[in-house]
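K.L.:
what's the 3D shape of this:
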Amino acid sequence: MAARAFASGTISFGLVSIPVKLYTAASSEQVSFNMLHKKCSGRVKMQYFCPTDNEVVERSDTVKGYEHARGQYVLFTEEDLKAFEAERSNAIEITEFVPLPSVDFVHVEKSYYLGPDKGGDKAYTLLSEAMGKKDRVAVGRWAARGKEQLVLIRPYQEGLILHQLFYANEVRAFEEVEAPAKLNFTDKERELAEKLIEQLSSEKFEAEKYRDTYSDKVLEAVEQKVAGQEIKVAPEAPKAQIIDLFDALKKSLASAPTPPPSVAKPPKKAEPAPEAVPEKKKRGAKG
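P.N.:
Numbers count the residues shown, from 1 in each chain. Reported below is the predicted structural model:
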């Protein structure tokens, strides 16, 4: 089945413009679980809770804030945030070509396949072949989803692939990792380590040899539980009833019988007190 592009864009450098399509290169296939209520197996929902007012907050009653100091926030409206966004042009502007070995792949965040769009086949193929011959990759900016992304484009098989990169301030320095103690090794120890590496060496990396065994075990257990009918059916969640207390009071008053107007009557002779009415009858009378 042919892949479906999720976006289109234009690679540009100098006076050259190459229309391209973007495709998802990889996506996680790890198994995931839903959080259920242990009592009834119904799926639970996440809520925003304000500990200050001790109440659940609707999303419409929230606003975004940036914590510039501990406990102090600068508030931003949706209009404020939209003003910061880059133009949604999906343009990929190449700023320079660099040697591939100079790129540290710790910067790579996501990868997308690039395919030629209508009218771009020749320029697309020429760029891929030229970069491959010169052993260069392109660094540029990609104005996508309102944010300017740092990207790298490199030849891949018979086309191009785009890597979305972390900015330099987003990558932690390896110097922050605790360094090992300085040690001296004998020639015998080095030779032994090299032999071990040689024994486990292969000519190339083949991803097909490796499987996510955790997901395999979970899915196998799912099939066994389904076969044994060990299944919990989540009950249908009741629809929320919105009650307007003021409106309910008005309806209650409107439906109540109107008492008859009071009329002056001649005084009656004293009568013996009525017998006590049973409790059940009293409640019925109030009903």
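
K.L.:
switch to C-alpha atoms for all contacts and neighbour counts from now on
P.N.:
OK.

K.L.:
And the helices in the stretch 101-250 of the chain?
P.N.:
Here the stretch 101-250 of the chain has its helices, by DSSP state H, counting those that start in this stretch, at 121-134, 187-199, 213-227, 245-255.

K.L.:
Nearest to A143 among the ones you listed would be which one?
P.N.:
helix 121-134 (19.6 Å; Cα to Cα).

K.L.:
which residues are contacting that closest one?
P.N.:
In this structure, residues lying in contact with helix 121-134 by Cα atoms under 8 Å, 6 or more residues apart in numbering are 18, 20, 116, 137, 154-156, 158-160.

K.L.:
tell me the domain ranges of this structure?
P.N.:
The record assigns the chain these domain ranges, following automatic domain parsing: 7-28+85-171, 58-84.

K.L.:
quick one on the thing from earlier: per-stretch mean pLDDT over the helices of the stretch 101-250 of the chain, give me the minimum one.
P.N.:
Lowest mean pLDDT of the helices of the stretch 101-250 of the chain: helix 245-255, a mean of 57.

K.L.:
circling back: closest one to N54 among the helices of the stretch 101-250 of the chain?
P.N.:
Set against N54 and scored by Cα to Cα, the helices of the stretch 101-250 of the chain come closest in helix 245-255, at 21.3 Å.

K.L.:
Quick check: PyMOL command selecting the buried ones in the contacts of helix 121-134.
P.N.:
Burial among the contacts of helix 121-134 is assessed by 16 or more other Cα atoms under 10 Å; the matching PyMOL selection reads:
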select buried, resi 18+20+116+137+154+155+159+160
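
K.L.:
circling back: any chance of the helices of the stretch 101-250 of the chain in JSON lines with mean neighbour count as columns?
P.N.:
Formatted as JSON lines, the helices of the stretch 101-250 of the chain follow (neighbours: other Cα atoms under 10 Å):
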{"stretch": "helix 121-134", "mean neighbour count": "15"}
{"stretch": "helix 187-199", "mean neighbour count": "10"}
{"stretch": "helix 213-227", "mean neighbour count": "12"}
{"stretch": "helix 245-255", "mean neighbour count": "10"}
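
K.L.:
Go through these and name the closest to Q30.
P.N.:
helix 213-227 (6.1 Å).

K.L.:
CA atoms only for that closest one, dumped as CSV, please.
P.N.:
The C-alpha coordinates for helix 213-227 follow below in CSV (Å, rounded to 0.1, in the frame of the first residue of the first chain):
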residue,chain,number,x,y,z
THR,A,213,9.7,-8.8,22.8
TYR,A,214,7.7,-7.0,25.5
SER,A,215,4.9,-6.1,23.0
ASP,A,216,5.0,-9.6,21.6
LYS,A,217,4.4,-11.1,25.1
VAL,A,218,1.6,-8.6,25.9
LEU,A,219,-0.2,-9.3,22.6
GLU,A,220,0.1,-13.0,23.1
ALA,A,221,-1.4,-12.7,26.6
VAL,A,222,-4.2,-10.6,25.1
GLU,A,223,-5.0,-13.4,22.6
GLN,A,224,-5.0,-16.0,25.4
LYS,A,225,-7.3,-13.8,27.6
VAL,A,226,-9.7,-13.2,24.6
ALA,A,227,-9.8,-17.0,23.9
